[in-house]
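S.K.: Provided below for reference: sequence and predicted model.
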Amino acid sequence: MEGTLQATATVEGMDGFELIIFDCDGVLVDSERLTVAIEARLLTELGAPHSEQDVVDTFMGRTSADGQAVLERILGPQKAAEFDRRSSAEIRRAFANELAPVPGIESLLKALASRGQRSCVASSGSHSKMRLTLGLTGLAKHFGARIFSAAEVQHGKPAPDLFLHAARLLGVNPARCAVVEDSVPGVRAAVAASMTVFGFTGGLAPAGALTAAGAIPFDRMEELLDVFDPGPPRAAGRADVACAPDPTGPAR
């Protein structure tokens with residue numbers, strides 16, 4: 001797969017990417033497995049039987065607001081509120097005890113930094129959730145203020161708004177951006193933004209679904225080391241040091 005991955009990326013990325021945009025859950029932090037298991041169990045207990053794959057298909061990659069709307073439709077407002085309360089508490093406990101970086105991601109981030117490659121995070125999650133997960137896993141230091149939430153834009157994934165927002169604030173042409181995603185809505189958002197998107201098949205989304213949505217598939221983070229060419233070094237700009245506000249409350 002590595003040869004195919006590199007050849008495809010070379011054609012699409014031409015002379016290298018100026019910015020690598022990482023999704024957070026399932027790409028940087030191995031949170032999806034913990035979250036999906038808890039949510040599938042609670043939905044079933046509350047009278048809406050869901051398998052883990054059902055949760056992936058219904059909620060993965062969506063914004064908190066979109067997910068809440070689906071919950072209220074499935075459970076009704078009262079049970080949706082109970083689900084929110086119980087899942088928040090259980091997920092936070094699970095994160096505190098079990099959350100880890102996705103295998104291989106820290107080595108990849110260190111290698112990219114050593115080459116002068118710019119990177120950022122653009123996630124459907126809230127800033128408060130990303131502060132928690134990136135803090136617990138020790139990955140926050142790799143990004144500084146270059147962390148963007150769907151709460152900052154009008155439309156979350158699969159709309160391109162979030163990725164275009166990140167590229168604009170960092171002063172990069174969308175065509176010179178690569179996105180690393182693990183969900184179908186995220187892949188569709190990157191494609192709509194005219195960015196090259198790599199679909200991580202080592203997570204929960206079916207590889208075929210990511211490919212069909214427009215991603216270049218890969219299953220190990222190490223495969224990306226030979227793909228991302230940083231091009232000429234670039235000094236940090238104002239957007240690299242200006243922290244975005246957190247307009248959201250606690251993450252679900």
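M.R.: That came in fine, so what should we check first?

S.K.: buried ones in the longest helix anywhere in the chain?
M.R.: Of all segments of type helix in the chain, defined using DSSP state H, the longest is helix 77-98. Using 16 or more other CB atoms under 10 Å as the burial criterion, the residues of helix 77-98 that qualify are 79, 80, 83, 84, 86, 87, 90, 91, 94, 95. For every residue, glycine as well, the C-beta is placed using N, CA and C.

S.K.: Thought residue 45 was touching the first one, still the case?
M.R.: No: counting by CB atoms under 8 Å, no contact exists between residue 79 and residue 45, whose distance comes to 10.0 Å.

S.K.: hang on, the earlier thing: need the CA coordinates for whatever helix or strand comes next after the longest helix of the chain. PDB is fine.
M.R.: Per DSSP states H and E, helix 77-98 leads on to helix 105-114 as the next helix or strand towards the C-terminus. This file holds the C-alpha atoms of helix 105-114, laid out as PDB (Å, rounded to 0.1, in the frame of the first residue of the first chain):
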ATOM      1  CA  ILE A 105       1.000   9.700  15.500                       C
ATOM      2  CA  GLU A 106       3.600  11.200  17.900                       C
ATOM      3  CA  SER A 107       6.500  10.000  15.900                       C
ATOM      4  CA  LEU A 108       4.900  11.400  12.800                       C
ATOM      5  CA  LEU A 109       4.300  14.800  14.400                       C
ATOM      6  CA  LYS A 110       7.900  15.000  15.700                       C
ATOM      7  CA  ALA A 111       9.200  14.100  12.200                       C
ATOM      8  CA  LEU A 112       7.000  16.700  10.500                       C
ATOM      9  CA  ALA A 113       8.200  19.400  13.000                       C
ATOM     10  CA  SER A 114      11.800  18.500  12.400                       C
END
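
S.K.: Mind giving me the packing neighbours of helix 105-114?
M.R.: Under the contact criterion of 3 or more CB pairs under 8 Å, 6 or more residues apart in numbering; DSSP states H and E, helix 105-114 touches strand 118-123.

S.K.: What strands flank the strand it packs on, and is each parallel or antiparallel?
M.R.: strand 19-22 (parallel), strand 147-149 (parallel) (DSSP bridges).

S.K.: Of all those strands, which one is nearest residue 195?
M.R.: strand 19-22 (7.3 Å; CB to CB).

S.K.: Could you list the buried residues of whichever helix or strand comes after that closest one?
M.R.: Toward the C-terminal end, the helix or strand that comes next after strand 19-22 (DSSP H and E) is helix 32-45. Buried positions in helix 32-45, judged by neighbour count with 16+ other CB under 10 Å: 32, 34, 35, 36, 38, 39, 40, 41, 42, 43.
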